[in-house]
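> Return atomic coordinates for the entry below.
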Amino acid sequence: MDPTVKLTKESGTALLDPTPYRTLVGRLLYLTITRPDITFVVHCLSQFMHCHTDVHLNAAHKILRYLKNNPGQGLFYSASSTVCLNAFSDADWGTDSESRRSITGYCVYLGKSLITWKSKKQDVVSRSSTESEYRSMAQTTCELLWLQQLLTFLKIEVCISAKLFCDYKSAIYIATNPVFHERTKHVEIDCHTVRDQVKNGFLKLMSVASENQHADILASAWSIFLPPESYVCFKPLLISTWL
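So this is what the prediction gives:
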């Protein structure tokens, strides 16, 4: 989706028949099960199920054109992949023009295989980009803990500490700094969520360059409808060409 275009409830002219839009978005939501590259844009469109306009419908049609021009792509699972959990966490601060809540995006790999991902609006308004990134890290940590418990239940042993990659060094600093500052008191619960897992050895925090941030397209407007030379293409990091 073009990052310069901000979809709102007032964008365009209201549609008389809501059925085509709702049906199309519902089918696109189902498709995100195997196409994480469209998760963020479909998440945006799903917010207008009861107040959609011709602008929203046109954006949905652009996703269809993108899918038509990029067939034969999906998820690849290797039988020989190492049993370890690696996650990428990202956030887009205050991206929602109405609520000013940030967007959390994360993806988790079992070895080299992508097994879960999410693009979701955060529950509260963050005061800074660092806070929004840290809340995203906390949500990702909870997902890693759940997956660890699931693997244990399935009697699959994971001996290596999970790794959480983030491209925001300030958020990593909060997690590894034993002292809470005045400006971080309001995120103390989330801080403990991540810091406790770092302390007990379950989690390792890793810095990653923005161009290698797999979760970027799950947290911010990614220009999938622009020419390839005009944006950094994160898509191959998430999905594989299988045809």
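
> burial count for residue 72?
Residues within reach of residue 72, counting by other CB atoms under 10 Å, total 8. From N, CA and C alone the C-beta is placed, and that goes for glycine too.

> likewise residue 129?
For residue 129, using other CB under 10 Å, the count is 16.

> Let me see the contact set for the residue nearest in space to the middle of the chain.
For the chain, residue 105 is the residue whose C-alpha lies nearest the centre (CA atoms, centre = their mean; 2.0 Å). Residue 105 makes contacts with 40, 89-92, 117-120, 136, 215-220, as judged by CB atoms under 8 Å, 6 or more residues apart in numbering.

> In strands, which of those residues appear?
In strands, judged by DSSP state E, the following of the contacts of residue 105 are found: 89-92, 117-120.

> Farthest pair within the residues you listed?
Across the ones in strands among the contacts of residue 105, the longest distance by CB to CB is 15.2 Å; it joins 92 and 117.

> what does stretch 20-35 contact?
For stretch 20-35, the external contacting residues (CB under 8 Å, 6+ apart) are 15, 38-39, 42, 45-46, 48-49, 52, 56-57, 60, 63-64, 67, 73-75, 239.

> Near residue 36, how many other residues are there?
25.

> Do you have the helices of this protein handy? List them.
Under the criterion DSSP state H, helices of the chain are mapped to 19-31, 39-45, 54-69, 129-153, 169-176, 188-199, 216-219, 235-238.

> buried sites along the longest one?
Yep, that's helix 129-153 we're talking about. Buried residues in helix 129-153, counted by 16 or more other CB atoms under 10 Å: 129-141, 143-145, 147-148.

> That one - contacts with which helices or strands?
On a contact count with 3 or more CB pairs under 8 Å, 6 or more residues apart in numbering; DSSP states H and E, helix 129-153 meets strand 85-92, strand 103-110, strand 113-121, strand 162-166, helix 169-176, helix 188-199, strand 203-207.

> Using the record's domain definitions, break the protein down for me.
1-71, 85-216 (automatic domain parsing).

> Report the residue spans of this structure with pLDDT below the cut-off.
Scanning the chain for pLDDT under 70 picks out the ranges 1-5, 94-97, 178-186, 188, 190-191, 221-243.

> mind redoing it with 80?
Counting by pLDDT under 80, the ranges of the chain that qualify are 1-12, 72, 81, 93-99, 127, 177-192, 211, 219-243.

> returning to what we had before: which stretch among the helices of the chain comes nearest residue 112?
Nearest of the helices of the chain (CB to CB): helix 235-238, 11.0 Å.

> Redo the domains of the chain as JSON lines? Include distance to residue 79.
Listed next are the domains of the chain as JSON lines, based on distance: least, CB to CB, whole Å:
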{"stretch": "domain 1-71", "distance to residue 79": "19"}
{"stretch": "domain 85-216", "distance to residue 79": "10"}
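
> Skipping its backbone neighbours, what lies nearest residue 55 in space?
Closest residue to residue 55 apart from its sequence neighbours, by CB to CB, 6 or more residues apart in numbering: residue 12 at 3.2 Å.

> Can you tell me how far the nearest residue to residue 83 once chain neighbours are set aside is from residue 150?
Excluding the flanking residues, the one nearest residue 83 by CB to CB, 6+ apart is residue 158, at 5.6 Å. Applying CB to CB, to the nearest Å, the value for residue 158 to residue 150 is 10 Å.
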